[in-house]
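*Asks:* Compute the structure for the input listed below.
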Amino acid sequence: MLRKKKVTIYTDGACSGNPGPGGWGAVLCYKEKEKELSGGEKQTTNNRMELTAVIEALQCLKEPCEVDLYSDSKYVIDALEKKWAESWRKKGWIKSDKQPALNPDLWETLLLLTSQHEMHYHWVKGHAENELNNRCDALAVRERDKAAEKNNSEQI
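*Replies:* Next up, the predicted model:
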């Protein structure tokens, strides 16, 4: 049996105001190679940017892999690791407190992507000593700032 490629992914999202301009960043590591991804939106939320970072990173994988996902978002890590998002989907995107689950469009995409890989989830403390998490944060903040500048220039 062929062994799956082992990929490490770090992700982060940033938002100025919630909602407001936002950005996301991801770093994918495979063997000695690293790939950076980032993007932004003019009007979004922090959680949407956190989810988008993971989605964009997983969409880069061309085959089923063993993935170590690192994020400082408890929202993302807990909902995946503790299977909350799967439960929300089964209940028609309703949470256990009977409130609608937010971002069902992104969760639907993310659940499809994670089902294709052997996933291992890791929460990391944000804005701490983790070099790759800090790099993702810098990417996300840069994209957020670009989105904010674009917003400002369109309002003039």
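
*Asks:* From now on I want contacts and neighbour counts done on CA atoms only, so please keep to that.
*Replies:* Fine.

*Asks:* who's in contact with stretch 23-39?
*Replies:* Stretch 23-39 is contacted by residues 5-15, 40-41, 49-50, 52-54, 56-57, 132, 135-145, 147 when judged by C-alpha atoms under 8 Å, 6 or more residues apart in numbering.

*Asks:* State the distance from the nearest residue to Met119 once chain neighbours are set aside to Asp12.
*Replies:* Nearest residue to Met119, sequence neighbours excluded (C-alpha to C-alpha, 6 or more residues apart in numbering): Val67, at 5.0 Å. Val67 sits 16 Å away from Asp12, going by C-alpha to C-alpha, to the nearest Å.

*Asks:* who's more crowded, these two?
*Replies:* Using other C-alpha atoms under 10 Å as the criterion, Val67 and Asp12 rank with Asp12 on top: 33 against 23.

*Asks:* so who does the more buried one touch?
*Replies:* By C-alpha under 8 Å, 6+ apart, the contact list for Asp12 reads 24-26, 49-50, 53, 71-73, 133, 136-137, 140.

*Asks:* Out of those residues, list just those in strands.
*Replies:* Among these, the members found in strands (DSSP state E) are 24-26, 71.

*Asks:* from memory His120 sits against Ser71, does it?
*Replies:* No - contact status for His120 versus Ser71: not in contact, 11.3 Å apart, counting by C-alpha atoms under 8 Å.

*Asks:* Comparing these two, which residue is more hemmed in?
*Replies:* The residue with more neighbours, out of His120 and Ser71, is Ser71; 25 against 15, by other C-alpha under 10 Å.

*Asks:* tell me what the helix or strand hosting Glu149 is packed against?
*Replies:* Per DSSP states H and E, Glu149 falls inside helix 131-155. Applying 3 or more C-alpha pairs under 8 Å, 6 or more residues apart in numbering; DSSP states H and E, we find helix 131-155 packed against strand 5-15, strand 20-30, strand 33-44.
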